[in-house]
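> model this:
(4 chains)
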Protein chains: 4
Amino acid sequence: MIRIFVTGGTFDKTYDEIHGRLSFRGTHLPEMLRLGRSRVETTVETLMMVDSLDMTDVDRARIVAACAQCPEIRIVITHGTDTMVETARAVAHSVRGKTIVLTGAMVPYAFGSSDGLFNLGSALSFAEVLPPGVYIAMNGQHFAWDSVRKNRESGVFEKLE
Amino acid sequence: MIRIFVTGGTFDKTYDEIHGRLSFRGTHLPEMLRLGRSRVETTVETLMMVDSLDMTDVDRARIVAACAQCPEIRIVITHGTDTMVETARAVAHSVRGKTIVLTGAMVPYAFGSSDGLFNLGSALSFAEVLPPGVYIAMNGQHFAWDSVRKNRESGVFEKLE
Amino acid sequence: MIRIFVTGGTFDKTYDEIHGRLSFRGTHLPEMLRLGRSRVETTVETLMMVDSLDMTDVDRARIVAACAQCPEIRIVITHGTDTMVETARAVAHSVRGKTIVLTGAMVPYAFGSSDGLFNLGSALSFAEVLPPGVYIAMNGQHFAWDSVRKNRESGVFEKLE
Amino acid sequence: MIRIFVTGGTFDKTYDEIHGRLSFRGTHLPEMLRLGRSRVETTVETLMMVDSLDMTDVDRARIVAACAQCPEIRIVITHGTDTMVETARAVAHSVRGKTIVLTGAMVPYAFGSSDGLFNLGSALSFAEVLPPGVYIAMNGQHFAWDSVRKNRESGVFEKLE
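As a prediction, this is how the structure comes out:
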């Protein structure tokens, strides 16, 4: 059983054709799980729908509390990439004994060229088999929360030496 | 370092618009890794391009030999779903000490509604962290080679009791 | 007001993931009109769902009758490309005073690389403005029914000299 | 022979994954013509790459001059929808004897759910057969430049009464 917490981020952005800009409507997670023919037992819960640059400490506290309180011990969090590491740190400081994997996307799922479906398959798989801890799953790789940074020039996640 | 062996299957089928049927041209693996923004160190090698219902014992012997002889100890094999379990068995009987993950797709990657990208993200992730053994990664799940079957009515892989 | 008659063809083929082959389910026309944000007043009617190589004289007689009997004087017919010219001829021999445009696709709409949406936009536009007659709209062009053939090597429709 | 002038607009917006916003790179027109298997003789020329809300009088003068000076008498202009009618008016006031069709998209072509390919098929077809004049082709319909407005609430083009 895996709990999936949705927090927004590029992953779930969609194109608002009336106003000609990117925005949030609902989450694409259920559609993506269907497309991946996923048979993993999951519960999807939307905590918020925000750009991760706009995420506040209050938002982060809600995510931490949700991870601590849910009965599942395996959790995937979809999150904007810009502050994913910061949220991972907040979760790691407060939640023990659970396998928690944060993932996101560089390109919205609704775009043809998105990495979202690849990342979701990757994050669920890591969440199923990694030992307790807080991880980031991006670019087909996983990183411990305290040994990774997003390289903003290249857009990829890198291991800290 | 992960070696990816391509053997064909639905995963890589494409639409031949002159003859109006599904067929094989090259593999979509490099394009899919690019789309997933994968930073996993991989070497892609096409062993064959066949429908898994047409796969012969000679084909399987080639796959087994390739797995045994490549220097990598982590391997992903893309394969048609219909005889994926049979090939997994052949590999398991001959190759020890390596983590080998077979995956495929129910719908060709070239189709809009494919599960291929999700499965590739999943298979690479399992290959990175599972202990030595032969596994099948489908539907977001992994199965030991000797405890799984494809349910041909529903199209999903199920655990054998 | 345009009547759209659906007869099948590559246009509407979809991938049957249980049997691993192309087949017909329902038509994609309403979804395509929605995607194109079409505001053309249309009525979509499925006459049959067949590969045009399997189309019989009885099928063609039904198409001719449908064109003759519907109240609209502007008609689009979606049709497999292989015998599209033959059906156009049958319609031209029996129906006068209407603008009838046959179109199809080289690649199923459900595939990412389909020409279907382009062809539908083209066919509807020709149907709105061309004088009475029977036409084929493919490759962004229109042809009178008696001056066109499908080049089976290149997959394109060509003007007969 | 049709000249296609590219001016930008939603049509050609793409997702900049490093900065997380929509922006322009090259035009998608050649790729779209390939996807549509277009056999129309076209020359694609990029005049500018701007959001139509940012289009200046100088930009419009360049479009008018390009239409007047090119040898082709059939022209398609891709353009942002917000000021498409304004540019159509400027062209109509200065260019005579040519069939000029402006089109655009409500959703970027690079998005899965774009109307761009449908509109391109439609605009090319209208450009091939309409008499000299300046038209807007959107939503599968064509409008004379002086009898249309964009309804900003619904996002569709409507005939002025």
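> and chain A, which of its residues are near chain D?
Within chain A, the residues that sit near chain D (CB under 8 Å from any CB of the partner chain) are A:10, A:15, A:17-18, A:20-22, A:82, A:106-108, A:110-113, A:152-155. Every C-beta, even on glycine, is put in place using the N, C-alpha and C of the backbone.
> try 7 Å this time
Applying CB under 7 Å from any CB of the partner chain, we find that chain A lies next to chain D at A:10, A:15, A:17-18, A:20, A:22, A:106-108, A:110-113, A:155.
> report the two of those separated the most.
Farthest-apart pair in the residues of chain A next to chain D is A:I18 and A:G155; separation 29.1 Å (CB to CB).
> for A:N139, what are its contacts?
Neighbour list for A:N139: A:156-157, B:37-39 [criterion: CB atoms under 7 Å, 6 or more residues apart in numbering or on different chains].
> which among those gets closest to chain D?
Distance to chain D, by CB to the nearest CB, is smallest for B:R37 among these, at 8.5 Å.
> how about the nearest residue to the closest one, chain neighbours excluded?
In space, B:R37 comes closest to A:D115 once its chain neighbours are excluded; the distance is 4.6 Å by CB to CB, 6 or more residues apart in numbering or on different chains.
> tell me who's in contact with that neighbour.
A:D115 sits in contact with A:105-107, B:35-37, where contact means CB under 7 Å, 6+ apart.
> which strand of chain A spans the most residues?
Taking DSSP state E as the criterion, chain A has its longest strand at strand A:42-50.
> which strands or helices does that one pack on?
Using 3 or more CB pairs under 7 Å, 6 or more residues apart in numbering or on different chains; DSSP states H and E as the contact test, the elements touching strand A:42-50 are strand A:2-8, helix A:29-35, helix A:57-69.
> for D:K98, find the nearest of those.
Counting by CB to CB, D:K98 lies closest to helix A:29-35 out of the helices and strands packed on strand A:42-50; the figure is 45.4 Å.
> and A:G112, what does it touch?
Contacts here follow CB under 7 Å, 6+ apart; on that basis A:G112 touches D:110-112.
> residue in chain A nearest to chain C?
For chain A, CB to the nearest CB, closest residue to chain C: A:G112, 7.5 Å.
> need the pLDDT of that residue.
As predicted, A:G112 sits at a pLDDT of 82.
> what segments of chain A are helices?
For chain A, the helices defined by DSSP state H cover A:29-35, A:57-69, A:84-94, A:116-129.
> what about the first one and chain C, any contact?
To tie it back to what came earlier, the one meant is helix A:29-35. No: counting by CB under 7 Å from any CB, chain C is not contacted by helix A:29-35; separation bottoms out at 11.8 Å.
> check which residues of that helix are buried.
Buried residues in helix A:29-35, defined by neighbour count with 16 or more other CB atoms under 10 Å in any protein chain shown: A:29, A:32-33, A:35.
> beta partners of the closest residue to A:M138 other than its chain neighbours?
Nearest residue to A:M138, sequence neighbours excluded (CB to CB, 6+ apart): A:F157, at 4.3 Å. Bridge pairing for A:F157 (DSSP bridges) gives the partners A:K150.
> isn't A:F157 up against A:S147?
No: at 10.5 Å, A:F157 does not count as touching A:S147 under the criterion of CB atoms under 7 Å.
> who's more crowded, those two?
Neighbours per residue, other CB atoms under 10 Å in any protein chain shown: of A:F157 and A:S147, the larger number sits with A:F157, 22 against 13.
> Provide a list of residues in contact with the more buried one.
Applying CB under 7 Å, 6+ apart, the residues near A:F157 are A:136, A:138-139, A:143, A:148, A:150.
> now do A:T103
Contacts for A:T103 (CB under 7 Å, 6+ apart) come out as A:76, A:78, A:119-120, A:123, A:137-138.
> could you redo the last one with a cut-off of 6 Å?
A:119, A:123, A:137 (CB atoms under 6 Å, 6 or more residues apart in numbering or on different chains).
> over to A:M106?
By CB under 6 Å, 6+ apart, the residues touching A:M106 are A:115, A:155, B:37, D:17.
> tell me the pLDDT of the residue of chain A most remote from its centre.
Farthest-out residue of chain A from its mean C-alpha position, per CA atoms, centre = their mean: A:I18, at 27.9 Å. With respect to pLDDT, A:I18 has a value of 93.
> which residue is nearest the middle of chain A?
A:T78 (2.0 Å).
> before we move on, back to that, any quick ChimeraX command for the buried ones out of the residues of chain A next to chain D?
Selection of buried members from the residues of chain A next to chain D for ChimeraX, criterion 16+ other CB under 10 Å:
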select /A:10,15,17,20,22,106,107,108,110,111,112,113,155
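> what's the closest of the residues of chain A next to chain D to C:I100?
Lowest distance from C:I100 to these (CB to CB) belongs to A:E17, with 33.0 Å.
> name the nearest residue to A:D51, sequence neighbours excluded.
The shortest distance from A:D51 to any non-neighbouring residue, by CB to CB, 6+ apart, is to A:G80 (5.7 Å).
> residues from chain A in reach of chain B?
Proximity of chain A to chain B (CB under 6 Å from any CB of the partner chain) is limited to residues A:36-40, A:106, A:115, A:117-118, A:121-122, A:124-126, A:129, A:139-141, A:156.
> just the buried residues of these.
The neighbour-count criterion (16+ other CB under 10 Å) marks A:36-40, A:106, A:115, A:117-118, A:121-122, A:124-126, A:139-141, A:156 among the residues of chain A next to chain B as buried.
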